[in-house]
Structures are given as structure tokens and as C-alpha cells.
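Asker: Pasting a predicted model and its sequence here:
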Amino acid sequence: MVARPFGALVTAMATPFAADGTVDLEAVAALAEHLVDAGTEGLVVNGTTGESPTTTDAEKADVVRAVVAAVGERAHVVAGVGTNDTAHSAELARQAVAAGAHGLLVVSPYYSRPSQEGLVAHVRAVADAGGLPVMLYDIPGRTGVEFRTETLLRLAEHPHVVAVKDAKGDLQAATRVMSGSDLAMYSGDDGLLLPYLAVGGVGVVGVTTHLAAPAYARMVAAHDAGDVAAAREEHHALQPLVDAVMTRMQGAVAVKVALHALGHVPSPRVRLPLVEPEAIEREELLAAVHAAGLT
């Protein structure tokens with residue numbers, strides 16, 4: 001069995017806001033409990049789906065504390081601490097430790113687009129500041145800079161760097177990393193969990209797992225048991241939901257609309273520059289949610 005430092009099924013958790021736009025900590029705790037009850041083994045808080053670009057440092061600490069208090073004994077709580085300022089990221093790492101986080105998510109610095117040498121120095125500084133297990137987040141479509149294979153192999157030598165959330169969708173590159181290191185590779189694309197498992201990946205850090213954690217758990221269990229047909233059946237059944245949540249609007253927007261419709265958060269509110277979807281977009285999303293058997 002492959003090592004899964006944060007479990008196999010990890011949810012990139014949304015941050016519920018009240019109708020006035022403030023962080024709703026009661027709803028944060030309730031959502032965390034719901035997700036873990038549904039089968040989620042790990043929660044990434046204060047990531048992109050958690051709208052980290054628009055929450056303050058104090059709000060981020062509050063969210064970590066609320067989630068740790070609610071489910072910290074039952075699930076891995078990983079705090080997103082990525083910014084494009086290394087000193088700020090290091091401070092967020094120390095803050096996350098003080099708030100009780102079990103691990104850190106470190107994205108490549110966006111917009112500034114550092115060299116690979118700068119990327120290595122950034123990660124090492126943040127990892128050293130936190131002292132917790134680190135999951136790297138490789139999503140060049142948003143950050144503008146990727147973790148190249150050789151860079152990941154170098155960072156794998158750091159004692160705190162244990163995993164990668166890989167949102168490049170390049171299975172060949174992921175295989176090279178797995179062949180050359182002990183890094184645990186998590187699919188950062190909801191629809192690619194099964195292909196990642198097939199080549200040695202350990203799980204998913206997903207958004208649609210907010211809605212369909214049991215189905216993802218069944219897929220992982222079937223794969224681990226060698227029942228490829230059953231795993232493939234779950235994979236195909238999930239694709240319409242993945243398409244609806246992940247391809248028609250920003251993921252945080254979509255999942256909040258769905259969670260609100262299902263009664264799991266009190267408001268679908270997002271913060272600018274994100275906005276709620278148009279009525280037709282909402283109707284199409286909820287139609288896919290209901291078609292997936294979620295009511």
C-alpha cells in the first residue's frame with residue numbers, strides 16, 4: 001500500500017461566509033464535520049477554493065482553529081500558506097502551526113514567476129518556518145510557474161516536504177517524480193483521480209469531494225482491492241458532476257452554490273472579485289447535482 005500522509009481523500013474546503021460577507025465560523029466547523037462524516041480524510045483550508053486571496057491573516061487563523069477544534073482528531077488539517085511573498089508565507093506557516101494545523105500547503109509564488117532556484121529557496125524557507133509536513137501545490141495555469149520534475153526531486157530531499165498536489169495533468173511527469181522520490185502524489189484535478197492511482201498516485205485533493213465524497217471513497221477502495229472495473233464505473237459516473245462543478249465557473253463559486261442548495265452552508269456568498277453565477281448557470285449546475293443523485 002502506498003503511503004498517504006494526508007489520507008487518500010482530501011477536500012480543498014470552501015470557506016463559508018455569512019450573508020454580509022464575514023467568515024461564518026460556525027458554518028466552517030459544521031462543513032468540516034459534514035465532510036469528514038461523509039468520508040473525507042483530510043481538509044485543506046485557506047486554499048484557492050477557500051478564497052484565500054480575499055481572507056485576512058486573522059481570518060485564516062480563525063478558520064484553522066475552527067476546523068481543528070471540530071475535526072482535528074478525525075482528519076488531517078492542512079493549512080494553505082502560499083503567497084508570492086516568502087516572508088509572508090513563512091509568517092502564515094508559523095501562524096498555522098500556532099492554530100493547530102497538521103500540515104501546510106505551499107503553492108508556487110504566483111505572478112512574480114521566480115526561477116526554479118528561487119522556487120526551491122522559497123519552499124525551503126516556508127517549510128523551515130513551519131516545521132510541519134508540507135504538500136506542494138503545482139498549478140502553473142494559475143501561478144505562471146511550474147515545479148519542474150528536477151525541482152520536485154530536489155525538494156523531496158527536504159525532511160518536511162512529503163507530498164504534491166499536482167494540477168498539471170501530466171501523468172508522465174508525475175510518474176517520473178514518483179519513480180525518483182518518495183513524494184506522495186495527489187491529483188489536483190478531480191477527474192483524474194483514477195488515472196493517478198493507476199500510475200502510483202495516492203489520492204486526490206478535490207472540490208467535487210464536497211458533494212460526492214462517498215463515491216470517491218468507493219473508487220479508491222475498489223482500486224486498492226484490485227477491482228478495476230468497479231473503480232472505473234465510479235470514475236465514469238462522477239464525470240458529469242466534475243464537469244459541472246469544475247469547468248463552467250470558478251470552483252469555489254460552484255461548490256458554494258451546490259452546498260447551499262443541499263443545505264450544508266447557510267449562504268452561497270463569495271467575495272469579490274468572485275461573483276455568484278447567473279441564473280441559467282446556477283440552474284445548469286444544480287441540474288447536474290440532482291442528476292448525480294445528490295438531493
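Answerer: Thanks, I have the structure now.
Asker: CA only for contacts and neighbour counts going forward, please
Answerer: Fine.
Asker: Touching, V253 and P273? I think so.
Answerer: No: taking contacts as C-alpha atoms under 8 Å, V253 lies outside contact range of P273: 11.0 Å.
Asker: Tell me which of the two has more neighbours.
Answerer: V253 (23 against 7; other C-alpha atoms under 10 Å).
Asker: pull the CA atoms of the helix or strand A213 falls within into CSV?
Answerer: In this assignment (DSSP states H and E), A213 forms part of helix 209-224. C-alpha atoms of helix 209-224 as CSV (Å, rounded to 0.1, in the frame of the first residue of the first chain):
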residue,chain,number,x,y,z
THR,A,209,-15.5,15.8,-3.0
HIS,A,210,-17.6,18.3,-1.1
LEU,A,211,-20.6,16.8,-2.8
ALA,A,212,-19.6,13.2,-3.6
ALA,A,213,-17.1,12.0,-1.0
PRO,A,214,-18.7,8.5,-0.7
ALA,A,215,-18.3,7.9,-4.4
TYR,A,216,-14.7,9.0,-4.4
ALA,A,217,-14.1,6.8,-1.4
ARG,A,218,-15.6,3.8,-3.2
MET,A,219,-13.4,4.4,-6.2
VAL,A,220,-10.2,4.4,-4.0
ALA,A,221,-11.4,1.3,-2.1
ALA,A,222,-12.1,-0.5,-5.3
HIS,A,223,-8.8,0.4,-6.8
ASP,A,224,-6.9,-0.7,-3.7
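Asker: now it, how far from the centre of its chain.
Answerer: The chain centroid and the centroid of helix 209-224 are separated by 15 Å under C-alpha atoms, centre = their mean, to the nearest Å.
Asker: same question, stretch 42-50
Answerer: Centroid separation for stretch 42-50 versus its chain: 5 Å, with C-alpha atoms, centre = their mean.
Asker: Return the per-residue confidence for T295.
Answerer: With respect to pLDDT, T295 scores 68.
Asker: Next: A254.
Answerer: 97.
Asker: repeat for the one 10 residues further on
Answerer: At H264, the model reports a pLDDT of 97.
Asker: shouldn't it be in contact with E33?
Answerer: No: with contact defined as C-alpha under 8 Å, H264 does not reach E33; the gap is 10.4 Å.
Asker: For the helix or strand where T151 lies, buried residues please.
Answerer: Assigned by DSSP H and E, T151 belongs to helix 149-155. Under the neighbour-count criterion of 16 or more other C-alpha atoms under 10 Å, helix 149-155 has 149, 152-153, 155 buried.
Asker: Show me what that helix is in contact with.
Answerer: Helix 149-155 is contacted by residues 116, 120, 123-124, 161, 173-174, 176-177, 180-181 when judged by C-alpha atoms under 8 Å, 6 or more residues apart in numbering.
Asker: Mind doing that once more with 6 Å?
Answerer: Here helix 149-155 makes contact (C-alpha atoms under 6 Å, 6 or more residues apart in numbering) with no residue beyond itself.
Asker: Helix or strand next in line after it, which one?
Answerer: strand 161-166.
Asker: mind checking the SS state of L92?
Answerer: helix (DSSP: H, G, I helix; E, B strand; the rest coil).
Asker: Give me the longest helix you can find in the chain.
Answerer: helix 228-246 (DSSP state H).
Asker: what mean pLDDT does that one have?
Answerer: Average pLDDT, helix 228-246: 96.
Asker: Stretch 209-218 now?
Answerer: For stretch 209-218, the mean per-residue pLDDT is 97.
Asker: Just give the closest residue to T143, not the sequence neighbours.
Answerer: Y110 (4.0 Å; C-alpha to C-alpha, 6 or more residues apart in numbering).
Asker: quick one on the thing from earlier: got the angle between the helix holding A213 and helix 228-246?
Answerer: Angle of helix 209-224 versus helix 228-246, following axes from the mean of the first three to the mean of the last three C-alpha atoms, to 10 degrees, is 160 degrees.
Asker: who's in contact with helix 209-224?
Answerer: Contacts of helix 209-224 (C-alpha under 6 Å, 6+ apart): 11, 38-39, 230-231, 234.
Asker: Ok, stretch 123-142 next?
Answerer: Stretch 123-142 is contacted from outside by 90, 93-94, 103-107, 146-147, 160-168, using C-alpha under 6 Å, 6+ apart.
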